[in-house]
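Novice: Sequence and predicted structure are below.
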Amino acid sequence: MSTYIKVLLYFFSIGILGVSCNVLPDAKKVSPTEQLADSTFDNHSYANIHEVYTKHVHLDLDVNFENKTIYGVARHEIVNRGTDTAIFDIKHLEIQKVTLGRGNEKETSYMIGKWDKDSILGQPLLISIKPGTKYINIYYETTEKTEAIDWLAPNLTEGKDLPFMYTQGQAILTRTWIPIQDSPTNRLTYSADVHVPEEMMAIMSASNPTKKAVDGKYHFEMKQPIPCYLIALASGNIEYRSLGNNCGVYAEPKVLGKAANELVDLPRMMRAAEGLYGPYKWDQYDVLVLPYSFPFGGMENPRLTFLSPTVIAGDRSLVSVVAHELAHSWSGNLVTNASWEDFWLNEGFTVYFENRIMEELFGKDVADILALIEFAELQDELKTIAKSKYPQDAQLKLELRGRNPDDGMTDIAYVKGAFFLKTLEEKVGREKFDVFLSSYFTNHAFKTITTSQFEDYLNGHLFDLHDLTFNTKEWIYGKGLPSNCLKIYSPRLENMKQLAKRFSRGEKIFAKKVIWKKIKGRKRRKKEILQLKRTDHITQEWQTFIRSLPSTVNAEQLAEIDQYLNFSNWGNAEVQYEWFIRTIQANYETVKPSIARFLTRIGRRKYVLPIYEELAKTTENKQWASELFQSIKAEYHPITRMSIEEVLSANN
Ligand SMILES: [Zn+2]
């Protein structure tokens with residue numbers, strides 16, 4: 001029995017919540033069961049997309065910053081394979097009415113089903129349709145519980161004069177701001193007419209304006225079919241700057257110059273990516289730098305990557321995040337995971353591809369350092385998962401029925417996925433592997449794919465072709481890391497490990513050294529004074545240094561490091577969050593104000609959550625963290641806020 005049938009039985013047997021005047025005439029008529037036996041069916045959507053699906057949605061949206069509400073109409077152009085009920089996903093939405101037709105709209109009956117047990121999926125919206133129905137119009141408004149939208153008061157922006165809002169659809173939050181069939185299995189095109197206050201700009205994952213409209217009205221078109229988690233909207237005091245032919249950056253005016261400078265390599269990145277796996281298929285590629293509450297490093301909304309301002313470090317040291325989001329234009333956006341259990345097909349490919357772009361731009365040396373940093377994180381993640389309630393989360397192919405798909409967003413999908421592909425590359429040779437990957441992207445462009453379809457393609461187009469065998473099943477369905485996993489060695493990172501060891505043994509690594517340097521053509525040597533500086537090494541080398549400090553390193557020693565390298569106030573969040581964790585472990589109390597500032601300013605979950613987790617380990621620190629969190633929690637994105645609440649409310 002598929003989940004879908006279970007769901008239907010569930011709310012038909014228990015009774016239906018919803019609007020009393022709108023009841024479907026005959027519940028028994030709902031959907032012929034034989035059409036539902038489809039292996040690609042999605043455990044995280046109620047939609048009956050195998051019977052009826054949206055091919056285009058037009059959105060009429062009025063964005064009201066005062067009420068923090070979007071008043072909308074979602075106009076679905078559908079393909080109906082003969083059912084009399086169309087099922088959509090909704091969560092925390094107010095449905096006002098549903099009509100059928102275009103131009104001459106007629107109201108139709110609908111009902112809203114029960115919530116799922118853990119309130120992860122939301123509710124099914126069942127709409128009565130006719131065999132000839134082509135258009136379904138759902139009139140709705142968002143509510144204060146809508147999780148996809150972050151409404152920011154002016155004080156949370158750089159400019160401090162106007163509010164800001166943006167949406168985040170992945171994984172299953174699009175249903176909280178648009179009534180939709182919220183499964184990546186279906187692809188659709190979209191258009192939108194959006195009205196925002198006059199002084200604001202609105203931009204979407206679609207064709208975008210480069211100047212503010214005088215009346216606050218904007219029209220958008222996304223002509224390439226996308227999974228609906230990639231529909232995105234942002235509005236605020238935003239300006240645009242071009243960075244080249246078909247790429248540029250959007251940001252608040254105060255940040256725009258710095259952002260453009262940080263992202264100056266974008267055109268080169270695009271050329272490198274196209275050189276590897278074929279032409280960019282989305283016409284334009286822009287980046288929107290968001291305010292600090294954005295919970296992720298980046299989100300690959302097509303044509304318009306959403307980027308955390310933490311990436312704008314001032315020294316271009318964290319731009320691999322941009323390479324990652326750009327790579328998604330192929331893996332994820334062009335070829336999409338069919339369900340969230342196949343998430344590694346999006347992320348593993350993207351991390352692999354990101355690393356190849358970084359290698360093209362900055363050389364193998366740097367690409368290896370980046371890969372090794374991630375590999376160390378994967379090893380920690382594997383240990384954590386092995387001890388957890390769900391050891392099967394260490395598999396590439398996930399089992400997430402009844403769980404939040406966000407549970408699958410771990411280093412397994414990202415880094416184990418990438419190392420699977422790296423190991424494959426090593427086995428078959430780069431040339432053959434690149435031919436395979438190019439054909440994979442070409443043959444699956446604008447399609448979705450399951451893990452088992454990928455396995456078939458791999459066998460047919462790589463292994464059979466070159467008469468090879470490989471432990472694919474162990475990689476995809478095994479819980480550990482197979483023994484043939486590619487090994488990377490980086491002399492530069494080894495050097496940092498040694499440096500940490502020497503320091504912990506008491507060696508004065510910051511002492512000034514005098515050397516006499518030979519100058520060409522001169523008899524006398526030149527005196528030079530050397531002292532270890534932060535600029536001697538890149539971000540990832542310092543991360544390795546911090547990670548390699550043994551647990552015996554005490555607060556006094558950490559203070560000595562801070563005296564010379566000032567990690568506590570660097571402004572590079574990637575190093576700072578790991579540094580702060582070490583300072584908490586060593587009771588290096590003087591850093592607390594810096595930690596508080598960091599947690600108040602930054603909203604990226606990857607950085608703040610581990611700090612809260614570390615603080616929650618002792619009663620005193622937990623108390624301090626809880627008080628701080630209470631005073632600033634309104635400033636976090638709901639995704640970040642919920643994760644922290646979970647940590648602080650757990651008994652330990
Ligand atoms: Zn990604």
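Specialist: Received, thanks. Numbers count the residues shown, from 1 in each chain.
Novice: only C-alpha atoms for contact and neighbour calcs from this point on.
Specialist: Noted.
Novice: The closest residue to residue 543 other than its chain neighbours is in what secondary structure piece?
Specialist: Nearest non-adjacent residue to residue 543, counting by C-alpha to C-alpha, 6 or more residues apart in numbering: residue 575, 5.8 Å away. Using DSSP states H and E, residue 575 sits within helix 573-585.
Novice: which residues are in contact with the host helix or strand of residue 557?
Specialist: In this structure, residue 557 is located in helix 555-565 according to DSSP H and E. The list of residues contacting helix 555-565 from outside it, by C-alpha atoms under 8 Å, 6 or more residues apart in numbering, reads 510, 533, 534, 567, 568, 583, 586, 587, 588, 589.
Novice: What distance do you get for the second one to residue 516?
Specialist: For residue 533, the distance to residue 516 equals 19 Å [C-alpha to C-alpha, to the nearest Å].
Novice: follow-up on the earlier one: pull the contacting residues for the residue nearest to residue 543.
Specialist: 539, 540, 542, 543, 567.
Novice: Could you list the domains of this protein?
Specialist: What automatic domain parsing lists as the domains of the chain is 3-235, 335-477, 491-602.
Novice: Point to the residue nearest the middle of the chain.
Specialist: Centre of the chain computed as the mean C-alpha position; nearest residue by C-alpha atoms, centre = their mean is residue 299, 4.6 Å away.
Novice: Am I right that that residue is in contact with residue 289?
Specialist: No: at 10.8 Å, residue 299 does not count as touching residue 289 under the criterion of C-alpha atoms under 8 Å.
Novice: which residues of this structure score low on pLDDT?
Specialist: For the chain, the stretches with pLDDT under 70 are 1-40, 652.
Novice: Quick check: residue 252 touching residue 241?
Specialist: No: with the criterion set as C-alpha under 8 Å, residue 252 and residue 241 do not qualify as a contacting pair; they are 10.9 Å apart.
Novice: Of those two, which one has the most company?
Specialist: With neighbours defined as other C-alpha atoms under 10 Å, residue 252 and residue 241 compare such that residue 252 has more, 21 against 17.
Novice: Now that one: closest residue in space that isn't a chain neighbour?
Specialist: Nearest to residue 252 is residue 238, by C-alpha to C-alpha, 6+ apart, at 4.6 Å.
Novice: so the one you found touches residue 251, yeah?
Specialist: Yes: distance between residue 238 and residue 251: 5.2 Å, which falls inside the contact criterion (C-alpha under 8 Å).
Novice: who's residue 304 bridged to?
Specialist: Here residue 304 shows beta-bridge partners residue 286, assigned using DSSP bridges.
Novice: tell me the contacts of residue 425?
Specialist: Applying C-alpha under 8 Å, 6+ apart, one finds that residue 425 lies in contact with residue 433.
Novice: Might you calculate how far the helix or strand hosting it sits from the centre of the chain?
Specialist: Taking DSSP H and E as the definition, residue 425 sits inside helix 417-428. Centroid separation for helix 417-428 versus its chain: 23 Å, with C-alpha atoms, centre = their mean, to the nearest Å.
Novice: So which bits of that helix are buried?
Specialist: 417, 418, 419, 420, 421, 422, 423, 424, 425, 427, 428 (16 or more other C-alpha atoms under 10 Å).
Novice: Now do the fourth one against residue 478, distance only.
Specialist: Applying C-alpha to C-alpha, one obtains 12 Å for the distance of residue 420 from residue 478.
Novice: try the fifth one
Specialist: From residue 421 over to residue 478 the distance is 15 Å, taken as C-alpha to C-alpha.
Novice: try the third one
Specialist: Going from residue 419 to residue 478 by C-alpha to C-alpha gives 14 Å.
Novice: what's the answer for the last one, then?
Specialist: From residue 428 across to residue 478, the span is 22 Å (C-alpha to C-alpha).
Novice: try the first one
Specialist: Relative to residue 478, residue 417 is positioned 12 Å away (criterion: C-alpha to C-alpha).
Novice: So which bits of stretch 352-361 are buried?
Specialist: Of the residues in stretch 352-361, those buried under the neighbour-count criterion (16+ other C-alpha under 10 Å) are 352, 353, 354, 355, 356, 357, 358, 359, 360.
Novice: repeat for stretch 185-198
Specialist: Neighbour-count burial for stretch 185-198 [16+ other C-alpha under 10 Å]: 185, 186, 187, 188, 189, 190, 191, 192, 194, 195, 196, 197.
Novice: Then stretch 53-72?
Specialist: By 16+ other C-alpha under 10 Å, the buried positions in stretch 53-72 come out as 53-63, 65, 68-72.
Novice: swap in stretch 107-124?
Specialist: Within stretch 107-124, the residues that count as buried by 16+ other C-alpha under 10 Å are 108-115, 120-124.
Novice: In helices, which of those residues appear?
Specialist: With helices defined by DSSP state H, no entry of those lies inside them.
Novice: among those, which two are most distant?
Specialist: Comparing every pair within those by C-alpha to C-alpha identifies 108 and 120 as the most remote, at 27.6 Å.
Novice: Serialize the buried residues of stretch 352-361 to TSV and add fields for distance to residue 341.
Specialist: As requested, these are exported to TSV (distance: C-alpha to C-alpha, whole Å):
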residue	distance to residue 341
352	19
353	21
354	22
355	24
356	25
357	27
358	28
359	30
360	31
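Novice: what about the spatially closest residue to residue 571 that is not a sequence neighbour, how many neighbours?
Specialist: Nearest residue to residue 571, sequence neighbours excluded (C-alpha to C-alpha, 6+ apart): residue 313, at 7.0 Å. For residue 313, the number of neighbouring residues by other C-alpha under 10 Å comes to 18.
Novice: Now for residue 313: which residues touch it?
Specialist: Neighbour list for residue 313: 262, 571, 572, 573 [criterion: C-alpha under 8 Å, 6+ apart].
Novice: Next up, phi/psi of the residue nearest to the third one when sequence neighbours are not counted, please.
Specialist: The one in question is residue 572. Distances taken as C-alpha to C-alpha, 6+ apart place residue 313 nearest to residue 572, at 5.7 Å, with adjacent residues excluded. Its backbone dihedrals place residue 313 at phi -80, psi -10, with angles given as degrees, to the nearest 10.
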